[in-house]
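> all I have is the shape, not the residue letters:
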């Protein structure tokens, strides 16, 4: 009913825009380059979520599914169970992928320790950049693992420690999406 061929492959996209811990939210427009890359490779993108999310621009091959009449919880499960991979961010939606053994590209992660929730080898986790407040210097990964930052995912705790986060750029997300294709295709 949505108008894609029966044999088409697709990626499920979820970009959190919820209330509460804003650190877990992402800007959906930073995923446009990745969406276009998936479509360029012959796939479709089903953006999942709810009607409170910011609508995405009209792009051939992108289905902004929350705004369709097919939207339902059961269809959400179907979409995640059959997709090539889930492209997401710090949200609970990616947990559904684990239940179906579907690979996950999770962007804008805040706490490296959270990646242990996804034990499969075909997952990619891209962490937000962590910057020192006084110097604007990006921390290297080994410093994040060697410090108390490994479990930090609260903006107030980052601030107390003298740090802040910087979300992944559209280019970061695009490059990670390209890398994901090396794992799943």
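Looks like it came in fine. Remember, predicted model here, so these are calculated numbers, not experimental data.

> which helix is the longest one in this structure?
helix 170-184 (DSSP state H).

> which strands and helices sit next to it?
In terms of contacts (3 or more Cβ pairs under 8 Å, 6 or more residues apart in numbering; DSSP states H and E), helix 170-184 is packed against helix 32-40, strand 86-88, strand 104-109, strand 124-127. Yep, even glycine has a C-beta here, placed from its N, CA and C like the rest.

> contacting residues for residue 102?
Contacts for residue 102 (Cβ atoms under 8 Å, 6 or more residues apart in numbering) come out as 80, 81, 83, 85, 86.

> contacting residues around stretch 66-80?
Counting by Cβ under 8 Å, 6+ apart, 1-2, 10, 12, 46-51, 53, 55, 65, 86, 93, 96-97, 100, 102 sit against stretch 66-80.

> 10 Å instead, please
Contact partners of stretch 66-80, identified using Cβ atoms under 10 Å, 6 or more residues apart in numbering, comprise 1-2, 10-12, 14, 46-53, 55-56, 63, 65, 86, 88, 93-100, 102, 104.

> now do the buried residues in the worst-scoring helix or strand of the chain on mean pLDDT.
Within the chain, no helix or strand scores below helix 141-146, which has a mean of 74 by mean pLDDT, DSSP states H and E. By neighbour count on 16 or more other Cβ atoms under 10 Å, the buried set for helix 141-146 is residue 144.

> what angle separates the longest helix of the chain from strand 104-109?
150 degrees (axes from the mean of the first three to the mean of the last three Cα atoms, to 10 degrees).

> before we move on, back to that, could you say what helices and strands the least confident helix or strand of the chain packs with?
Secondary-structure packing of helix 141-146 (3 or more Cβ pairs under 10 Å, 6 or more residues apart in numbering; DSSP states H and E): strand 129-132.

> how far off centre is the strand it packs on?
On the basis of Cα atoms, centre = their mean, to the nearest Å, strand 129-132 sits 19 Å off its chain's mean C-alpha point.

> show the average pLDDT along that strand.
What strand 129-132 shows for mean pLDDT is 89.

> and stretch 17-32, by the same measure?
Mean predicted lDDT for stretch 17-32 stands at 77.
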